[in-house]
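> Sequence and predicted model, in that order:
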Amino acid sequence: MADYIEGKRPVIEALRTGVPMRRIMMADNAKRDPLINDIQRKAKRFGVEIELVPRKALDDLSDHGSHQGVIAEAKPFQYRGINELIQQACAYADEHDGRALVVILDHLTDAGNLGAVTRSAEAVGASGIVIPNKRSARVEAATYKSSAGAIAHVPVAQVANLVQAMSKLKDEGFWIAGATEHASDLIWKSNLKGKIALVMGNEHDGLSRIVMESCDFLCKLPLEGEVASLNVAQASTACMYEWLRQNQA
């Protein structure tokens with residue numbers, strides 16, 4: 001299914017953050033203004049075709065009628081196979097003293113959160129991210145924006161079954177660490193050295209029961225304030241940096 005980006009400023013932002021695009025459709029009666037001129041300049045710079053179409057064609061594509069005479073059609077994101085991702089992670093470990101990190105996201109629903117997690121994963125040198133192919137956020141324009149372009153540099157695998165993916169990682173020597181408030185051990189006391197697959201839960205329900213039961217161990221972040229938990233993107237960042245700290249030490 002095509003991913004459409006509507007409106008002048010959203011299209012400019014998508015071009016700026018490197019969202020791969022098939023084309024930009026512009027109303028043939030669109031009035032020239034600084035934003036339209038900016039779209040034309042950026043499209044030319046990045047080699048994106050601008051196609052002039054009747055305004056009604058944009059009205060038919062628009063969900064909310066907010067296209068302002070411009071709709072961009074993004075290219076589908078190229079997901080990796082789980083076996084390819086694991087092979088790359090193992091190769092990374094061979095070159096980095098046996099350390100590698102894979103982040104597994106248990107049915108995150110917000111594409112912006114997916115991007116924020118990806119941004120931190122890229123920063124710590126994670127080898128990839130694993131997401132379910134159903135009932136889960138997918139890579140779209142919002143992901144590029146919140147990842148600040150990092151999504152273009154981190155392999156993402158879509159899988160039909162997270163537990164099976166976790167089993168494959170175990171077979172290749174990865175320990176599966178589940179981050180959950182139900183854990184008894186703080187992450188500071190957990191052993192995150194070496195090849196680790198870090199599992200983060202859904203924004204509202206956390207880790208599912210079957211995924212939690214398939215982890216090798218569980219850990220949690222300490223919370224000293226009054227708020228019950230962190231946003232999943234913030235929690236993921238803290239956990240990933242603890243993995244990096246332990247492996248750099």
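Cool, the structure landed. Numbering: from 1, shown residues only.
> Next, Gly65: secondary structure please.
Secondary structure, DSSP: H, G, I helix; E, B strand; the rest coil: Gly65 is coil.
> Dihedrals phi and psi, it?
Taking degrees, to the nearest 10, you get phi 70, psi 30 for the backbone angles of Gly65.
> can you pull out the strands in this structure?
Ranges of strands in the chain, per DSSP state E, are 3-6, 21-27, 50-53, 70-74, 100-105, 128-132, 156-159, 175-179, 195-200, 217-219.
> Let me know the pLDDT of the residue in the chain sticking out farthest from the centre.
Residue farthest from the centre of the chain, counting by Cα atoms, centre = their mean, is Asn29 at 36.8 Å. We have a pLDDT of 88 for Asn29.
> right, so the strands of the chain: which one is the most enclosed?
Of the strands of the chain, the one with the most neighbours on average (mean count of other Cβ atoms under 10 Å) is strand 100-105, at a mean of 27. The C-beta positions use only the backbone N, C-alpha and C, and glycine is treated the same way.
> where does it sit relative to the chain's centre, distance-wise?
Its chain's C-alpha centre lies 12 Å from the corresponding centre of strand 100-105 when counted by Cα atoms, centre = their mean, to the nearest Å.
> which helices and strands does it pack with?
The contact analysis (3 or more Cβ pairs under 8 Å, 6 or more residues apart in numbering; DSSP states H and E) places strand 100-105 against helix 82-95, helix 111-124, strand 128-132, helix 162-171, strand 195-200, helix 232-248.
> and it with helix 162-171, angle?
If you take axes from the mean of the first three to the mean of the last three Cα atoms, to 10 degrees, strand 100-105 sits at 170 degrees to helix 162-171.
> the inter-axis angle of strand 100-105 versus helix 232-248?
Inter-element angle recorded for strand 100-105 and helix 232-248: 160 degrees (by the same axes, to 10 degrees).
> Direction included, what does strand 100-105 pair up with?
Note on strand 100-105: by DSSP bridges, its sheet partners are strand 128-132 (parallel), strand 195-200 (parallel).
> Output the ones you listed as CSV; include the columns distance to Arg245.
Formatted as CSV, the strands paired with strand 100-105 follow (distance: least, Cβ to Cβ, whole Å):
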stretch, distance to Arg245
strand 128-132, 20
strand 195-200, 12
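> want to throw the strands of the chain into a markdown table with distance to Ala150?
Shown next, in a markdown table, are the strands of the chain (distance: least, Cβ to Cβ, whole Å):
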| stretch | distance to Ala150 |
| --- | --- |
| strand 3-6 | 18 |
| strand 21-27 | 18 |
| strand 50-53 | 27 |
| strand 70-74 | 17 |
| strand 100-105 | 12 |
| strand 128-132 | 10 |
| strand 156-159 | 11 |
| strand 175-179 | 20 |
| strand 195-200 | 16 |
| strand 217-219 | 25 |
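> tell me which strands and helices the helix or strand of the chain with the lowest mean pLDDT is in contact with?
One helix or strand of the chain scores below all others by mean pLDDT, DSSP states H and E: helix 141-146, with a mean of 81. Applying 3+ Cβ pairs under 8 Å, 6+ apart, we find helix 141-146 packed against helix 8-16, helix 111-124.
> I'd like to know which of the ones you listed has the weakest mean confidence.
Of all those, helix 8-16 carries the lowest average pLDDT, namely a mean of 86.
> Could you export that helix as PDB, CA atoms only?
The C-alpha trace of helix 8-16 is given here as PDB (Å, rounded to 0.1, in the frame of the first residue of the first chain):
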ATOM      1  CA  LYS A   8       3.400  21.600   1.500                       C
ATOM      2  CA  ARG A   9       5.300  21.600   4.700                       C
ATOM      3  CA  PRO A  10       5.000  17.800   5.300                       C
ATOM      4  CA  VAL A  11       6.400  17.200   1.800                       C
ATOM      5  CA  ILE A  12       9.300  19.600   2.400                       C
ATOM      6  CA  GLU A  13      10.100  17.900   5.700                       C
ATOM      7  CA  ALA A  14       9.900  14.500   4.000                       C
ATOM      8  CA  LEU A  15      12.400  15.700   1.300                       C
ATOM      9  CA  ARG A  16      14.600  17.200   4.000                       C
END
